[in-house]
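>>> Below is the structure, and that's it, no one-letter string:
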């Protein structure tokens, strides 16, 4: 009988590992991408941008427009804006009965909190919706960019449309 050299031993071990891995996937011991993805569904998520200095006279956003987003410093794509809200920067004041009120801060007239709702189709997994290879969850850093603006903030809400 001929002696096996090192290359023959490596090939035999690789074949055994390959057959074992293939068998494990087939009998369900190991998850593949097909097992992880549950479905695809449209999602809406809110991105909140706090303390943004804005002096523009015309609105930055329009419902139905597209805005380019970047998730965790990785460019993704353009998404549709379905809603937006601008709120001036507020300050807490007390009255004589120790009630607290929030009023516009007169010292920061051009500072705004901006909330933008975006829509996309996502892959729904056990861990939540995924777009552009990123799980979309509250607190995720996000940047939104248009012709006249670039704002950095975080995801503040995620809604999955379960009906479709």
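Okay, I see it. All of these numbers come straight from a predicted model, not from anything done at the bench.
>>> contacts and neighbour counts: CA atoms only from here.
Will do.
>>> so how many other residues sit close to residue 123?
19 (other C-alpha atoms under 10 Å).
>>> Point me to the helix or strand that includes residue 13.
helix 6-26 (DSSP states H and E).
>>> Remind me what that helix packs against, helices and strands.
Helix 6-26 is packed against no helix or strand, with contacts defined by 3 or more C-alpha pairs under 8 Å, 6 or more residues apart in numbering; DSSP states H and E.
>>> and that helix, how far from the chain's centre?
39 Å (C-alpha atoms, centre = their mean, to the nearest Å).
>>> quick one: buried residues of it?
Going by neighbour count (16 or more other C-alpha atoms under 10 Å), nothing in helix 6-26 comes out as buried.
>>> With stretch 131-142 instead?
Under the neighbour-count criterion of 16+ other C-alpha under 10 Å, stretch 131-142 has 131, 135, 136, 137, 141, 142 buried.
>>> Check stretch 65-72 too.
Under 16+ other C-alpha under 10 Å, the buried positions of stretch 65-72 are 66, 67, 68, 69, 70, 71.
>>> can you tell me which of those are in strands?
Per DSSP state E, strands hold the following members of the buried residues of stretch 65-72: 66, 67, 68, 69, 70, 71.
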